[in-house]
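Asks: Sequence first, predicted model second:
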Amino acid sequence: MNLQQLRYLHGIAEEGFNISRAAAALHTSQPGISKQIQMLEQELGVDILMRKGNRIVGVTEPGRAVLEVARRMLHDAENLKRIGEDYTTKDAGRLVVATTHIHARYVLRRVILDFIRRHPEVQLVLRQGSPSQTARLVALGEADIGVSSAPPEPVHDLVMLPCYKLERSVIAPRRHPLLDEKRLTLKSIAKYPIITFDQSFVGGSAVMRAFEAAKIKPNVVLSAIDADVIKTYVELGLGIAILPSIAYEPARDRNLRAIGAGALFEPTMTRIELRRESYLRGYMYDFIQLLAPQWTRQKIDQATT
């Protein structure tokens, strides 16, 4: 038994038990993966994968237990590698941050600038996606840190560190009638076409919950996953938008105006996502503390163990 066999098994499971996709993702050949899995099954004396003809259709009962242990062993192997790197190349390395567009574009700019100045020898990689995708990247070990709202479904072995709240504003074109309203209400907002985040994002679902609670049906003409795309269509006159207030930049958004709507829509809590019991290198703690100074190294360790 060796780690390569466990990586192949894990890869097959992550690719929906499709060996062709697993071979492509692992940069190897399909026959090579099949041979290694067969050798692992022979050594353990159990069938790990369920087969139907030439296809793999799932995992056996003992295979589920083997897969769980394989995941832990691969995680521990990665931790051992990081420990060695922390002492041999203390000021150099690679940091992969999974995040959404709103955080990459508006929240993390200052953090990333400060981090690169402090750690010029660390290669920083941003991987963007939905909250579910960012959580999955961290859980699979494909990203070191996630910065996002909570995913719709809980993710196994993931630790969420509450960070800060994002309040919401209504974004409208200049001279829009809403700007003359003395008191903004859900009813007044619902008079106009609305552009908002897709409901796979916490921001999109929070907006819809507010209208549902008030028994008001908004006219949502477009949903998207990118705040800049949403603002573009607002500028074109397609509708008004409900976005995190941080997405409005007066100097850049000269054709738009923002109206605070924190009293109408619940804020979104941003969370830092870490895989439980992961070994964090020194510069990873620094990144977290630049984003959320309240999370000291001691508190991070307590939360992740």
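Replies: Alright, I've got the coordinates.
Asks: what comes into contact with stretch 200-210?
Replies: 100, 102, 130-132, 149-150, 152, 166, 168, 186, 196-199, 218, 220, 223, 225, 242-244, 264-266, 268 (CB atoms under 8 Å, 6 or more residues apart in numbering). Any C-beta I mention is one placed from the backbone N, CA and C, and that applies to glycine too.
Asks: rerun at 6 Å
Replies: Ser130, Ser149, Thr196, Phe197, Asp198, Gln199, Ile242, Phe265, Glu266, Thr268 (CB atoms under 6 Å, 6 or more residues apart in numbering).
Asks: Format the CA atom coordinates belonging to the host helix or strand of Met284 as CSV.
Replies: According to DSSP states H and E, Met284 maps onto helix 282-291. Output of helix 282-291 as CSV, limited to C-alpha atoms (Å, rounded to 0.1, in the frame of the first residue of the first chain):
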residue,chain,number,x,y,z
GLY,A,282,3.2,31.1,9.3
TYR,A,283,2.2,33.2,6.3
MET,A,284,-1.3,31.6,6.3
TYR,A,285,-1.9,32.9,9.8
ASP,A,286,-0.7,36.3,8.6
PHE,A,287,-3.2,36.3,5.8
ILE,A,288,-6.1,35.5,8.1
GLN,A,289,-5.1,38.2,10.6
LEU,A,290,-4.8,40.8,7.9
LEU,A,291,-8.4,40.0,7.0
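Asks: Now do the buried residues in it.
Replies: Tyr283, Met284, Asp286, Phe287, Ile288, Leu290, Leu291 (16 or more other CB atoms under 10 Å).
Asks: just checking, what packs against that helix?
Replies: With contacts defined as 3 or more CB pairs under 6 Å, 6 or more residues apart in numbering; DSSP states H and E, helix 282-291 has these neighbours: helix 109-118.
Asks: Following the longest helix along the chain in sequence, what is the next regular element?
Replies: Longest helix in the chain, counting residues (DSSP state H): helix 61-88. Proceeding N to C from helix 61-88, the next assigned helix or strand is strand 93-99, under DSSP H and E.
Asks: And for stretch 229-244, what's in contact with it?
Replies: Under CB under 6 Å, 6+ apart, the answer for stretch 229-244 is 102, 166, 168, 170-172, 192-196, 207, 221-222, 224, 227, 255.
Asks: Separate out the buried members of those.
Replies: Buried among the contacts of stretch 229-244 by 16+ other CB under 10 Å: 102, 166, 168, 170-172, 192-196, 207, 222, 224, 227.
Asks: can you tell me which of these are in helices?
Replies: Ile102, Val207, Ala227.
Asks: Turn these into CSV, columns for distance to Gly11 and pLDDT.
Replies: Listed next are these as CSV, based on distance: CB to CB, whole Å; pLDDT from 0 to 100:
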residue, distance to Gly11, pLDDT
Ile102, 31, 91
Val207, 38, 89
Ala227, 34, 91
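Asks: Any chance of CSV for those, columns distance to Gly16?
Replies: Formatted as CSV, these follow (distance: CB to CB, whole Å):
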residue, distance to Gly16
Ile102, 30
Val207, 33
Ala227, 32
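Asks: Closest one to Thr305 out of the residues you listed, please.
Replies: Closest approach between those and Thr305, by CB to CB: Ile102, at 30.4 Å.
Asks: Tell me if I'm right that that closest one and Ala227 touch.
Replies: Yes. Counting by CB atoms under 6 Å, Ala227 is a contact partner of Ile102 at 5.2 Å.
Asks: What segments of the stretch 101-250 of the chain are helices?
Replies: Here the stretch 101-250 of the chain has its helices, by DSSP state H, counting those that start in this stretch, at 101-102, 109-118, 131-139, 186-189, 202-213, 227-235.
Asks: Just give me the closest of the buried ones among the contacts of stretch 229-244 to Gln298.
Replies: Leu166 (26.9 Å).
Asks: pLDDT score assigned to the nearest residue to the closest one once chain neighbours are set aside?
Replies: With sequence-adjacent residues excluded and distances taken as CB to CB, 6 or more residues apart in numbering, Leu166 is closest to Pro244, at 4.1 Å. The score at Pro244 is 93. That number is its pLDDT.
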